[in-house]
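K.L.:
Quick one: sequence and predicted model below, then my questions.
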Amino acid sequence: MNDPGLHESAQEAAQDVENKEHQEDEQAEQEEEEYLDPSRWWFASTACPLIAGTFGPMANAFSICALVETWRVYIPAGSDEGHGERIEDPKWLIAVNSISLVLALVANLSLLLNMARRLSFAIAQPVTILGWYLASALLVALVIVASTSAFRIQPMQEHALSQAYYYGIIAAGLYFIVASLMVFTAFGAWKGHYAKEFQLTPSQRTLMLQTIGFMVYLLLGALVFAKVEGWQFLDAVFWADFTLLTVGIGGEFVPKTHTGRSLLFPYAIGGLIMVGLVIGSVRSLILEHGKQKMSARFVEVKRQKVLSSIDHDTRTIKLGAFETINFSQKGLSEMERRHQEFHVMRRVHELSERKRRYTSLALSAVAALLLWFLGAVVFMYSEKPQGYSYFTWLYFAYTSLLTIGYGDFSILSNAGKAFFVFWSLLAVPTLTILISNMGDTIIKAFKDFTIWVGSFTVLPDEKGFMSALKVGMKRMKSGEMLKERDLDHKAASGASEQRGLDRLAEHIEEEELGEAEEAGEHGDYLDRDIHFYHFVLAKEVRQMLKDVGTSPPRQYTYDEWSYYLKLIGQDENDSSGHRKPEDQHQHNDGDAPDIGTADDGDTVAWSWLGIRSPLMGNTNEPEWLLQRLAATLEVEMRKMSSRDPNQKKEKPPISMADLQKGSKGGKSNETSKLEQDADKADIRKQEHSHV
């Protein structure tokens, strides 16, 4: 019995799946094109919206802080501005402040809806940019008016500006910055450098949602503790900030009631979890997008520099300031030439990655130092009544950044409290990035050095003291590593081909190749080779799945690359699909980024040192190969189901006969077994013909 509507639902589901796969293919192609042509526009298309979506909610939170309390306080005799009495603001100030907050919220909501693809780019961007600019302008106008003598009370010594005023300054600055970033994004889309939509990953969206959640959690917790402990709301915000970030500078703001101390248990734990999630998202984004784009830029610059340094007279190529190697393509076979290019490209990657790691470390270290030194300057001037020196506030800033929090110094001024909240929140991504970069450089080097020292002291290496010492010396002389790999390409190319044949021989399994052997028994050797080729593709796809999940991503030797490329129809001995490397390349959006997977058989000529080298992809090597192997297998299956008999009988790039050719130099057990099976098939064929 048929279920009414079931057929239509299945069709719709299938159509949805196809549409989703098409969208994923388009996104992957766009990412490939962006990687092949790394430029400043990736910052506009991805980093700018991400920064705006993260700091926009923070600016909204500061706008709320600027609205909920008055901008002026009266300082009684013998007191200070931190304990002043509030003075009511004029109604026009409250009205303008409220309008600014509403405009900023609408702008932020418009951006989030655009990122969620609920609102078109053409509508959302003008609303976002105009809303944030207007919100900033209104707050700047209020700050200017509040700074004049007309806004102050007399005598001047009894008047001070509250924390709300300084939160208004911070919010105005953030609105202007994020609006300017979105102008950059809109300009790039208008010029056609990328699509008029955001291609943000789930982790990027997650970071924005976590930032919104953390700011809401911070303000709600401050509101509760302000009521319980009898604090001013903005003092409670200051307390909630240094509590959730585990700074713990203490002072007068500590829970003193039984209710407040009880509520601290769940509130602090929840805050730690949320901060940990934000830190994890920041770190994953640095590893996911920033590292990838920065690596692409460094590899491309290094590649162009290396190719432009080729000296045809001396037959050398310069890889670094103190590293020049032999590089000549004269008198070499195609595989020998490609083998040479492959090792040069490997070295380009090594040098570029090292430079990227230390450049990232330097930039993040400079950012952290600026945060430390400039933060101490602001604290020194805002806390001038306390009379401490710059070194004292440098010490305070250092212990706060590292969340040591001795509590021997504290912030008392209204300006210092507002700035501390913003400064400490800014420290979270800054220090997270610094620690992540240190893990890739200093910490890794120290770890390797510790293991090396231990290999010939406390935990001696199995190969002995001299072996461990030689390994350490080789690592120190990193510039010599390529010279050790500067192989005899003629000998290497022959060994490479033999290793590929041996690997094919490993797939000869009688029970799994019954269909192929049956075809061979009937004399249809082409059908046998096709079955064998399909079987090898399926086996290698399964094997490649194991390599995809390895960390760090696996890097394959030239022998392995030669083998895999032949499986997808790219023979390293065939020069028809190869080209000479170019140091300059203008990327064309119409160029197909794939190599060896096009259904029509057309491929793009490429070089190991060119822009379309598999080593230049935006995915790691196992992922790149898995995509191509799976696509090749899909094309082969489509050929088998085709009604065109000529397409079904196309000769595969590998065959069992290749193994018999490779066994002449030295037979392995597998190739010997293959020859025996082939001989048996020939005998059966002869017997069949006699009958």
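P.N.:
Sure, I can see it. Since the structure is predicted, the reported quantities are computational estimates derived from the model, not experimental observations.

K.L.:
just the strands in the stretch 101-250 of the chain please.
P.N.:
159-161 (DSSP state E, counting those that start in this stretch).

K.L.:
do the chain as well
P.N.:
Taking DSSP state E, the strands of the chain run over residues 72-74, 85-87, 159-161, 316-320, 323-326.

K.L.:
can you put those strands in a markdown table and add mean neighbour count?
P.N.:
Glycine gets a C-beta too; all of them are placed from N, C-alpha and C. Below are the strands of the chain laid out as a markdown table (neighbours: other CB atoms under 10 Å):
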| stretch | mean neighbour count |
| --- | --- |
| strand 72-74 | 21 |
| strand 85-87 | 14 |
| strand 159-161 | 20 |
| strand 316-320 | 18 |
| strand 323-326 | 14 |
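
K.L.:
Nearest to S360 among these would be which one?
P.N.:
Proximity to S360 (CB to CB) singles out strand 316-320 among the strands of the chain, at 19.3 Å.

K.L.:
now the closest one: mean pLDDT?
P.N.:
Strand 316-320 shows an average pLDDT of 84 in the prediction.

K.L.:
Please export the C-alpha coordinates of that strand as PDB.
P.N.:
Extracted C-alpha coordinates of strand 316-320, given in PDB (Å, rounded to 0.1, in the frame of the first residue of the first chain):
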ATOM      1  CA  THR A 316      71.600  26.900  -9.000                       C
ATOM      2  CA  ILE A 317      68.600  28.200  -7.100                       C
ATOM      3  CA  LYS A 318      68.700  30.300  -4.000                       C
ATOM      4  CA  LEU A 319      66.400  29.200  -1.100                       C
ATOM      5  CA  GLY A 320      67.600  31.500   1.500                       C
END
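
K.L.:
Contacts for that strand, please.
P.N.:
With CB atoms under 8 Å, 6 or more residues apart in numbering as the test, strand 316-320 has contacts from 306, 309-311, 324-327, 344, 347-348, 351, 479, 482.

K.L.:
before we move on, the earlier item: got TSV for the strands of the chain, with distance to A226 too?
P.N.:
Formatted as TSV, the strands of the chain follow (distance: least, CB to CB, whole Å):
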stretch	distance to A226
strand 72-74	16
strand 85-87	14
strand 159-161	20
strand 316-320	60
strand 323-326	63
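
K.L.:
most surrounded residue in the contacts of strand 316-320?
P.N.:
V348 (25 neighbours; other CB atoms under 10 Å).

K.L.:
Is it correct that it is in contact with K302?
P.N.:
Yes. Using CB atoms under 8 Å, V348 makes contact with K302 at a distance of 5.2 Å.

K.L.:
Would you mind measuring from R337 to V604?
P.N.:
For R337, the distance to V604 (CB to CB, to the nearest Å) stands at 19 Å.

K.L.:
now do Q543
P.N.:
For Q543 relative to V604 (CB to CB), the value is 27 Å.

K.L.:
what about the two, which has more around it?
P.N.:
V604 (15 against 12).

K.L.:
Distance check, that one against L633.
P.N.:
21 Å.

K.L.:
same question, Q204
P.N.:
With CB to CB as the criterion, Q204 and L633 are 32 Å apart.

K.L.:
neighbour-wise, which of those two wins?
P.N.:
Q204 (22 against 19).

K.L.:
Excluding covalently adjacent residues, which one is nearest to that one?
P.N.:
L50 (5.4 Å; CB to CB, 6 or more residues apart in numbering).

K.L.:
for A179, same thing?
P.N.:
Leaving aside its sequence neighbours, A179 sits nearest to W132 (CB to CB, 6+ apart; 3.6 Å).

K.L.:
Which segments of this structure make up each domain?
P.N.:
35-197, 302-483, 487-499+530-660 (automatic domain parsing).

K.L.:
Let me know which of the ones you listed is tucked in deepest.
P.N.:
domain 35-197 (a mean of 19; mean count of other CB atoms under 10 Å).

K.L.:
What's the mean pLDDT across that one?
P.N.:
Mean predicted confidence for domain 35-197 is 87.

K.L.:
and the gap between the closest residue to A44 other than its chain neighbours and S45?
P.N.:
Nearest-residue entry for A44: G188, 4.0 Å, with adjacent residues in sequence omitted and distances by CB to CB, 6+ apart. Separation of G188 from S45 (CB to CB): 6 Å.

K.L.:
Pull up the overlap in contacts between these two.
P.N.:
Y194.

K.L.:
OK, contacts around the nearest residue to I442 once chain neighbours are set aside?
P.N.:
Take I442 and drop its neighbours on the chain: the residue closest to it by CB to CB, 6+ apart is L361, 7.3 Å away. Going by CB under 8 Å, 6+ apart, L361 touches 434, 437-438, 440-442.

K.L.:
Which members of those occur in helices, if any?
P.N.:
434, 437-438, 440, 442 (DSSP state H).

K.L.:
which one of the residues you listed sits closest to V548?
P.N.:
Of the ones in helices among the contacts of L361, the one sitting nearest to V548 (CB to CB) turns out to be D440, at 21.6 Å.

K.L.:
Let me see the ranges of the helices in the stretch 101-250 of the chain.
P.N.:
With helices called from DSSP state H, counting those that start in this stretch, the stretch 101-250 of the chain shows them at 121-146, 163-190, 202-229, 233-244.

K.L.:
I'd like to know how far L181 sits from A52.
P.N.:
From L181 across to A52, the span is 5 Å (CB to CB).

K.L.:
G549 now?
P.N.:
From G549 across to A52, the span is 34 Å (CB to CB).

K.L.:
again with Y165
P.N.:
From Y165 across to A52, the span is 25 Å (CB to CB).

K.L.:
try M335
P.N.:
With distances taken as CB to CB, M335 is found 51 Å from A52.

K.L.:
What of A376?
P.N.:
To A52, A376 is 29 Å away according to CB to CB.

K.L.:
how much space between I75 and V68?
P.N.:
Plainly put, I75 is 21 Å away from V68 if you go by CB to CB.

K.L.:
How about A116: what's its closest non-neighbour residue?
P.N.:
A116 sits nearest to R205 (CB to CB, 6+ apart), 7.9 Å away.

K.L.:
Report how many residues lie close to that neighbour.
P.N.:
17.

K.L.:
For this structure, give the helix that spans the most residues.
P.N.:
helix 334-382.

K.L.:
what mean pLDDT does that one have?
P.N.:
Rounded mean pLDDT across helix 334-382 is 91.

K.L.:
Centre of the chain to it, how far?
P.N.:
Between the centre of helix 334-382 and the centre of its chain there are 14 Å (CA atoms, centre = their mean, to the nearest Å).

K.L.:
What of stretch 386-403?
P.N.:
Chain-centre distance of stretch 386-403: 34 Å, with CA atoms, centre = their mean.

K.L.:
swap in stretch 99-107?
P.N.:
32 Å.

K.L.:
What lies in contact with that stretch?
P.N.:
Contacts of stretch 99-107 with the rest of the structure, by CB under 8 Å, 6+ apart, involve 56, 59-60, 63-64, 67, 127-132, 134-135, 138-139, 142, 171, 175, 179.
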